[in-house]
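Asker: Return atomic coordinates for the entry below.
(chains A and B)
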Protein chains: 2
Amino acid sequence: MATIRPARYLNTSGVLRPSAGLQRSSHQTFRPLGSVRCKSGPYGYTQAKALVFSKYGEPTDVLNLHTHSISPSLPAKAVLVRTLAAPVNPADVNTIQGTYGAKPTFSSLVGTAQPSAIPGNEGCLEVVSVGSGVTSLQKGDWVVPAASGFGTWRTHALVENADSALLRVDKDGLDPLQVATVSVNPCSAYRMLKDYVDLIDLNVKSYASGSAGGGAWFIQNGGNSGVGRAAIQLGALWGLRSINVIRERDSPEATEAMKKELLDLGATVVVTEKEFLDRSFTSRLKEEWTRGGKDPVMLGLNCVGGKSASSIAKSLSQGGTMVTYGAMAKQPVALPTGLLIFKDIRFRGFWLSRWAAQDKEGKKRTIEDILNLTRDGKFKDAPLEQVKWDWDTEEKILREAVQGTLQGFRPGKGIFVFGET
Amino acid sequence: MATIRPARYLNTSGVLRPSAGLQRSSHQTFRPLGSVRCKSGPYGYTQAKALVFSKYGEPTDVLNLHTHSISPSLPAKAVLVRTLAAPVNPADVNTIQGTYGAKPTFSSLVGTAQPSAIPGNEGCLEVVSVGSGVTSLQKGDWVVPAASGFGTWRTHALVENADSALLRVDKDGLDPLQVATVSVNPCSAYRMLKDYVDLIDLNVKSYASGSAGGGAWFIQNGGNSGVGRAAIQLGALWGLRSINVIRERDSPEATEAMKKELLDLGATVVVTEKEFLDRSFTSRLKEEWTRGGKDPVMLGLNCVGGKSASSIAKSLSQGGTMVTYGAMAKQPVALPTGLLIFKDIRFRGFWLSRWAAQDKEGKKRTIEDILNLTRDGKFKDAPLEQVKWDWDTEEKILREAVQGTLQGFRPGKGIFVFGET
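Answerer: Numbering: from 1, shown residues only, chains lettered A, B, ... in the order given. The predicted structure is shown next:
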């Protein structure tokens, strides 16, 4: 067995800078998912791995898998967590590419040679050990990061100020994937719909009261995205009907299968982008779905941009609002002035990170609400492609799982599921 | 003297359909401006002229000067008014061109061979005679139309439901031009600024409290337009600082003269479009005017579109709103997604006609407020090119005055001033 040297020094956050001779310990214990298990290094140090990047670029070019150690002596207000599951969201990839609105902080906290950042904004984490001054968390608790930019793509993390940095969730009846995916897409859909539901209700009352089959609609592109699927389900629970635009699949059969899948989730109408951008769409909207325009379409959700965004805006009723939360087509939103002036269409953006930073209590309540729906079988998480991350998983596999996420609106984006770490 | 046949029949609005043989009467009386005078036809009929169009097109192609008669026997709730002054606004020209959001109603009310519409959304009208059932108006009162689409480009009008169709103004200390120009541009500026002033105040408190020279800004293109000049003055009265973009004039001297004119009105900063679109503008905004961005720019007013609109949006502080009320460049507003999502910039439109229709009382109060400021010498109407409209004024002169209005942001747009009619 190779000689193991202890890590040389702790930095201020309690995270070890690397020891050149640090190697895997043989004192490893593997326990089933959901229990506490850590790869122990010498003197009780936890050995950890993290995906890091020290410059912007394509994930396959700039992501490195970095190994470091974490001291067993926790600061009073810190906890040690291990990651059970952590999704790869488009915003994570944009952050690595350097095109995201919020720039990460590059630091040497996990002891990389160059200052680096750890991607990953959400995940399900399990508390492994607890500092003496932590009041809200216990060993074995499941938690999610309270704010964006946590860096969940790592096996373990030492979390300072754990009471404010982490939100405890009730894990009863849930699996780690359900908890890991609640913070970004379902929360976004929840907030964008909820913030406009009063407005929509108002219009339902005035436009469609007493009418058979009447009621308010919302319309969205990215119907098959994580946010799209969450919006379909939450909207249906809250009495909203939805028109959902999806990209054509590889075959007509696959397109029909996806339409059926979204209809089963609670979508009222699903159309392909081709149908949506066709000239006939306006009259279909009016005649087939909104009783000649009597039922209002007061909210549009846009994550595409370009022509698709313009068509969402044109589909809205007088006084409606289009909320932009993404830009998959990488084209700006072009607004015909008439829509602004004469049709009183309003345009806003939604950024989850801002909301979460401004309303931490609101985020906690939203997560609890969605997880309650999940537990009751009323809310389904989006299908994800599980990428197993064990101690021996190669860097290449993890990198490619990240790179593959920006392939449009396919379901089955990646989620790291941590096993033997 | 030619034989005069009486008009053949009254239509339902009390406006005469034309008599083929109708001719000018010789019983004409001319009284000085401000007094009541009508060109009398036979049997007490008032002879009137109106600019009309029966199809969309360029004003010089489609506008006709039409003569008709109005019966002396008024319906109970009607009044007869004569026009003292009526401006030519860009929206009027767009209406004639058929490019405006609200389409006029083509009718035969004034007895044109083809169903036709009378342009002109604002004006100062004088009550000439009053039906027995009218409660709010007396002979000699000055009034303005309560709603858009009145059709002020005519010497006289018989106004049904006069109590709701007209707003009486206190003419004391005012001239007809000041009253005629209050309804469109100053009202627009007033509403767009006032509706955001609370928001701006809020931010002034948080950003700039206690700071020397601090305070909130708004930024606008079309600084020299009727709305722009009104916004400069009202903003200054309400404690807002303004950055105003103007087009370059024909000579550097003329540009400097215009800058000085707007600064004298109360503008804080005036820049040419070239300066505005230059790369250096962002740093000038930050360093020269907003104390490194500490003083917020929460409101942008856009009547141009295209690049100018994008630059307005980019100049706004986090959470700011751009209000679009015109599209002189005839180019859509392109919104970089990042401004929506990460900078939380909001985009809305303002349409005076909608506001006036929804809040008649608000319009009345706004007009009174602005006319009080005018009377007190605190608000100046924009310089206008007066086009005299007498009974003998040729159609060609009136047409060309209309056509000439869409020449950019020059001051001195036309206003019809009625003399011997």
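Asker: Domain parsing of chain A, as residue ranges.
Answerer: According to the domain assignment given by automatic domain parsing, chain A is divided into the following structural domains: A:22-181+A:381-418, A:186-352.
Asker: Relative to B:Val297, which of those is closest?
Answerer: Closest of those to B:Val297 is domain A:186-352, at 17.7 Å (criterion: CB to CB). (C-beta placed from N, C-alpha, C; glycine too.)
Asker: Just the endpoints, please. Distance across the closest one?
Answerer: With CA to CA, to the nearest Å as the measure, domain A:186-352 spans 10 Å from end to end.
Asker: Check which helix or strand A:Leu167 maps to.
Answerer: Element membership for A:Leu167 (DSSP states H and E) is strand A:166-169.
Asker: can you pull the pLDDT of the spatially closest residue to A:Phe106 that is not a sequence neighbour?
Answerer: Taking CB to CB, 6 or more residues apart in numbering or on different chains, and ignoring the residues beside it in sequence, A:Phe106 has A:Pro115 as its nearest neighbour in space, at 3.9 Å. According to the per-residue confidence, A:Pro115 scores 96 in pLDDT.
Asker: Now do the same contact list for A:Pro115.
Answerer: Neighbouring residues of A:Pro115 by CB atoms under 8 Å, 6 or more residues apart in numbering or on different chains: A:Ser54, A:Phe106, A:Ser107, A:Ser108.
Asker: The first one: neighbour count?
Answerer: Neighbouring residues of A:Ser54 were enumerated by other CB atoms under 10 Å in any protein chain shown; the total is 17.
Asker: Chain B contacts on the stretch 251-400 of chain A?
Answerer: By CB under 8 Å from any CB of the partner chain, the part of the stretch 251-400 of chain A that sits against chain B consists of A:305, A:324-327, A:332-351, A:354.
Asker: got a list of what the residue nearest in space to the middle of chain A touches?
Answerer: The centre of chain A sits closest to A:Val184, judged by CA atoms, centre = their mean, with a distance of 3.1 Å. Shown here is A:Val184, whose contacts under the criterion CB under 8 Å, 6+ apart are A:Pro87, A:Asn89, A:Ala91, A:Asn121, A:Glu122, A:Gly226, A:Leu352.
Asker: Show me which of those residues are buried.
Answerer: Judged by neighbour count, with 16 or more other CB atoms under 10 Å in any protein chain shown as the criterion, the buried members of the contacts of A:Val184 are A:Pro87, A:Asn89, A:Ala91, A:Asn121, A:Glu122, A:Gly226, A:Leu352.
Asker: As JSON lines, those with secondary structure and distance to B:Lys259 would be great.
Answerer: As requested, the buried ones among the contacts of A:Val184 are exported to JSON lines (DSSP: H, G, I helix; E, B strand; the rest coil; distance: CB to CB, whole Å):
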{"residue": "A:Pro87", "secondary structure": "strand", "distance to B:Lys259": "55"}
{"residue": "A:Asn89", "secondary structure": "coil", "distance to B:Lys259": "50"}
{"residue": "A:Ala91", "secondary structure": "helix", "distance to B:Lys259": "45"}
{"residue": "A:Asn121", "secondary structure": "coil", "distance to B:Lys259": "49"}
{"residue": "A:Glu122", "secondary structure": "coil", "distance to B:Lys259": "53"}
{"residue": "A:Gly226", "secondary structure": "helix", "distance to B:Lys259": "52"}
{"residue": "A:Leu352", "secondary structure": "helix", "distance to B:Lys259": "44"}
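Asker: Buried ones in the helix or strand containing A:Lys314, by neighbour count?
Answerer: Under DSSP H and E, the secondary-structure element containing A:Lys314 is helix A:306-315. Buried residues in helix A:306-315, counted by 16+ other CB under 10 Å: A:Gly306, A:Ser308, A:Ala309, A:Ser310, A:Ser311, A:Ile312, A:Ala313, A:Lys314, A:Ser315.
Asker: okay, now the closest residue to the second one other than its chain neighbours: neighbour count?
Answerer: Which is A:Ser308. Using CB to CB, 6+ apart and skipping the chain neighbours, the partner closest in space to A:Ser308 is A:Asn221 (4.8 Å). Residues within reach of A:Asn221, counting by other CB under 10 Å, total 29.
Asker: what do you get for A:Ala236?
Answerer: Neighbour tally, A:Ala236, other CB under 10 Å: 16.
Asker: got a list of what it touches?
Answerer: Applying CB under 8 Å, 6+ apart, the residues near A:Ala236 are A:Ser242, A:Leu265, A:Gly266, A:Ala267, A:Thr268.
Asker: The first one is in what secondary structure piece?
Answerer: With elements delineated by DSSP H and E, A:Ser242 resides in strand A:241-246, which encompasses its position.
Asker: what angle do that strand and helix A:306-315 make?
Answerer: 160 degrees (axes from the mean of the first three to the mean of the last three CA atoms, to 10 degrees).
Asker: Export strand A:241-246 to CSV, keeping only CA atoms.
Answerer: Extracted C-alpha coordinates of strand A:241-246, given in CSV (Å, rounded to 0.1, in the frame of the first residue of the first chain):
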residue,chain,number,x,y,z
ARG,A,241,-55.3,25.6,-19.8
SER,A,242,-52.0,25.4,-21.8
ILE,A,243,-50.9,25.6,-25.4
ASN,A,244,-47.5,24.0,-25.6
VAL,A,245,-45.0,24.2,-28.5
ILE,A,246,-42.5,21.4,-29.0
